[in-house]
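Participant: Based on what follows, work out the 3D shape:
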Amino acid sequence: MEVKTKTMGTVSIDENQIVEFPHGLFGFEDYHRYAVIEAEYQPFYWLQSLDESSLAFIMVDPFLIVADYELDIDDKTLLEIGLDSPQDVILFSIVTIPADGGPVTANLQGPVVINRRNNQALQVILSDSRWTTKHNIIKALKSKENK
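Facilitator: Next comes the predicted model:
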């Protein structure tokens, strides 16, 4: 399948890269279909809307930033996307790269949860005060290197 994107031009994706967000993302509730595409620079991925070519988010595996990252999501919420086993979970955090050159941050408080079996996904809000919406990625990686 060919997908038009604002940042990468036209790219080819497989059906297994398509994820469906029944409720959309917070602030983007009207957009439900996205493709997860490896970015040119690892370890990042694009979450590209299939409904709006100009809508895309950069994502990263939160465990690469914070080794002790933990989520407490109630079973009822996970069942909304058919998740009943931790082995079926793929997690991402949405990354912000400010235009003004400020710190690159990851939203650890609002992770994207994907069910790898059925490609259904949702974004959740965690109540754990350790996780913020603007977790400094570079600072966290340097901290991990010094340990």
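Participant: The longest strand that the chain contains: how far from the chain's middle?
Facilitator: Criterion DSSP state E: the longest strand present in the chain is strand 89-96. Centre-to-centre, strand 89-96 and its host chain are 3 Å apart (CA atoms, centre = their mean, to the nearest Å).
Participant: contacting residues around Glu38?
Facilitator: Residues near Glu38 by CB atoms under 8 Å, 6 or more residues apart in numbering: Tyr45, Trp46. Placement of C-beta: from N, CA and C, glycine included.
Participant: switch to 10 Å and redo it
Facilitator: Gln17, Phe44, Tyr45, Trp46 (CB atoms under 10 Å, 6 or more residues apart in numbering).
Participant: For Thr5, state which of the residues you listed is nearest.
Facilitator: The shortest approach to Thr5 among the contacts of Glu38 belongs to Trp46, at 7.5 Å (CB to CB).
Participant: where exactly do the strands run in the protein?
Facilitator: Counting by DSSP E, the segments of the chain that form strands are 2-5, 9-12, 18-20, 33-38, 44-49, 56-60, 89-96, 105-106, 112-115, 121-123, 135-136.
Participant: Would you format the ones you listed as TSV with mean pLDDT included?
Facilitator: As requested, the strands of the chain are arranged in TSV below (pLDDT from 0 to 100):
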stretch	mean pLDDT
strand 2-5	89
strand 9-12	92
strand 18-20	98
strand 33-38	96
strand 44-49	96
strand 56-60	97
strand 89-96	97
strand 105-106	96
strand 112-115	98
strand 121-123	98
strand 135-136	93
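Participant: if we can go back for a sec, now the longest strand of the chain against strand 33-38, angle please.
Facilitator: 80 degrees (axes from the mean of the first three to the mean of the last three CA atoms, to 10 degrees).
Participant: So which bits of strand 89-96 are buried?
Facilitator: For strand 89-96, the neighbour count (16 or more other CB atoms under 10 Å) marks Val89, Phe92, Ser93, Ile94, Val95, Thr96 as buried.
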